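Enquirer: Prediction below, plus the sequence it came from.
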Amino acid sequence: MFYSGPMASWMRTEAEEAPKVIERLLRENEGEVRSLASFLKKRPPALTLTVARGSSDHAALFAKYLFEARLEWPVLSLAPSVLTLYRARPRVPFPSLLLAFSQSGESPDLLEAVSAYRSQGALTVALVNQEESSLARMAEVVLPLHAREEKAVAATKSFLAMLAATLHLLAHLVEESRLRQVFPSLPEALHRALEASGELEYLEDAENLFVLGRGFTYPVALEAALKLKEVAGLHAEGFSAAEFLHGPQALLEAGFPVLALVQKDEALDALLSTLEGLKAKGAH
């Protein structure tokens, strides 16, 4: 059963603020992003690290796909527990870049990671909503999310702002004028997405759901599954469509619901082929 209490109401309200958040972010961060990109082009990192928790970690995974696919920079996700529980400090090459993703900017394990790798010489960049947070004070560069207060436990506008901030930086790193030219249309695209209503009634009685993505939509599939668990009380699991074929598909039976996030890029043909195979197995 879908949740319809106060959290869902706040979540909807805050999601509807996302277009204005993105518009504000692109406008306010332009100077800082341009400066950071200029520095990184002169001194490209040998390794890029990301550190985050929860929804922010899904945004960090999106950054990994973008930077590896479009810049060919190797990106590694730090496991904060390695630092906080096992007290290890894996060494990184010079120069390195650390991207810390956080809504609050107060997670102790993220702060420890930023401190540890700044001391090793990594350039530390915080993509954070709270500009007066400990993380913002600790990082050398801050890219504010400009999402303002977020009351719902389930993050919406701050998560979308992280994706936009990552794209903003990428556009300047690759000097992709076409990408920058579409930025003004992002808020309107978000408006249209919020107004869209798909035929999802069949999910109302669902007890289990697979959410599939491939490439750039894989992190979004993970985030969608998290939201469905957290807000709708639905047992949803996110997978890469490629990895789904290696075991999880064995759980499919006739009528099993599958939500696929399909994008028009290099992953399209492979994803559509996978979905055709799943339909043949009875997936809805």
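Expert: Structure's in. What do you need? Numbers count the residues shown, from 1 in each chain.
Enquirer: Which strand residues bridge the closest residue to residue 102 other than its chain neighbours?
Expert: Spatial nearest neighbour of residue 102, chain neighbours left out: residue 128 (5.0 Å); criterion: Cβ to Cβ, 6 or more residues apart in numbering. C-beta: built from backbone N, CA, C; applies to glycine. Counting by DSSP bridges, residue 128 forms beta bridges with residue 102, residue 144.
Enquirer: Test my guess that residue 128 contacts residue 136.
Expert: Yes. Residue 128 is within contact range of residue 136, at 5.3 Å (criterion: Cβ atoms under 8 Å).
Enquirer: who's in contact with residue 257?
Expert: Contact analysis of residue 257 by Cβ atoms under 8 Å, 6 or more residues apart in numbering lists 202-203, 206, 208-210, 283-284.
Enquirer: tally of neighbours for residue 186?
Expert: Residues near residue 186, counting by other Cβ atoms under 10 Å, number 20.
Enquirer: now for the host helix or strand of it, which elements pack on it?
Expert: Assigned by DSSP states H and E, residue 186 belongs to helix 186-195. Under the contact definition 3 or more Cβ pairs under 8 Å, 6 or more residues apart in numbering; DSSP states H and E, helix 186-195 sits against helix 18-28.
Enquirer: CA atoms only for the helix it packs on - export them in PDB, please.
Expert: Only the C-alpha atoms of helix 18-28 are listed here, as PDB (Å, rounded to 0.1, in the frame of the first residue of the first chain):
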ATOM      1  CA  ALA A  18      13.200  21.000  -7.900                       C
ATOM      2  CA  PRO A  19      12.900  23.000 -11.100                       C
ATOM      3  CA  LYS A  20      13.500  26.300  -9.200                       C
ATOM      4  CA  VAL A  21      16.400  24.600  -7.300                       C
ATOM      5  CA  ILE A  22      18.100  23.600 -10.500                       C
ATOM      6  CA  GLU A  23      17.600  27.000 -12.000                       C
ATOM      7  CA  ARG A  24      19.100  28.600  -9.000                       C
ATOM      8  CA  LEU A  25      22.000  26.100  -8.800                       C
ATOM      9  CA  LEU A  26      23.100  26.600 -12.400                       C
ATOM     10  CA  ARG A  27      23.000  30.400 -12.000                       C
ATOM     11  CA  GLU A  28      24.700  30.700  -8.600                       C
END
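Enquirer: contacts for the helix or strand immediately after that helix in the chain?
Expert: Next helix or strand after helix 18-28 toward the C-terminus (DSSP H and E): helix 30-42. Contacts to helix 30-42, defined as Cβ under 8 Å, 6+ apart, come from residues 97, 123, 125, 141-143, 165, 168-169, 172-173.
Enquirer: How are the strands of the protein distributed by residue range?
Expert: Counting by DSSP state E, the chain has strands at residues 47-51, 75-77, 96-102, 123-128, 141-144, 208-213, 235-240, 258-260.
Enquirer: Quick one: closest of those to residue 276.
Expert: The closest of the strands of the chain to residue 276 is strand 258-260. By Cβ to Cβ, the value is 11.0 Å.
Enquirer: where in the stretch 151-284 of the chain is pLDDT low?
Expert: For the stretch 151-284 of the chain, applying pLDDT under 70 flags the ranges 197-199, 282.
Enquirer: about what we covered before: give me the contact list for the helix holding residue 186.
Expert: If you take Cβ under 8 Å, 6+ apart as the criterion, helix 186-195 is touched by 15-16, 18-20, 22-23, 26, 160, 164.
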